[in-house]
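**Q** model this:
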Amino acid sequence: MDFVRQYTGHPVIIAEGAATSDTFEGYENFGFLELADSHEDVELRDLNRDVWQIVTLYDQDLRSRPFRIAKTVIFFLR
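**A** Okay, the predicted model is just below:
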């Protein structure tokens, strides 16, 4: 947070979607729960539990492929 605060005073969202275990278990193991508790403007999100939508991506042969992406991520891509 010391590094991030050098560049912004906005609220911070830490978003992850663990592949092999519970995301919040990982947050706990690596100290992110304590980090979020000590900063009122830090929010932790599990992208696996987020609302998602289908977007179309294209492979190297320009074939369209439907892809599920979390709305939290889409919001920050705009």
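**Q** got phi/psi on the nearest residue to residue 41 once chain neighbours are set aside?
**A** In this structure, residue 41 finds its nearest non-sequential neighbour in residue 11, 4.1 Å apart by CB to CB, 6 or more residues apart in numbering. (C-beta placed from N, C-alpha, C; glycine too.) Main-chain dihedrals, residue 11, degrees, to the nearest 10: phi -60, psi 150.
**Q** tell me, how many residues neighbour residue 11?
**A** 10 (other CB atoms under 10 Å).
**Q** who are the contact partners of the closest residue to residue 58 other than its chain neighbours?
**A** Among residues not flanking residue 58 along the chain, residue 64 sits closest, at 5.8 Å (CB to CB, 6+ apart). Residue 64 is in contact with 56-58, counting by CB atoms under 8 Å, 6 or more residues apart in numbering.
**Q** JSON lines for these, including secondary structure, neighbour count and pLDDT?
**A** Listed next are those as JSON lines, based on DSSP: H, G, I helix; E, B strand; the rest coil; neighbours: other CB atoms under 10 Å; pLDDT from 0 to 100:
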{"residue": "56", "secondary structure": "strand", "neighbour count": "8", "pLDDT": "94"}
{"residue": "57", "secondary structure": "strand", "neighbour count": "10", "pLDDT": "93"}
{"residue": "58", "secondary structure": "strand", "neighbour count": "9", "pLDDT": "95"}
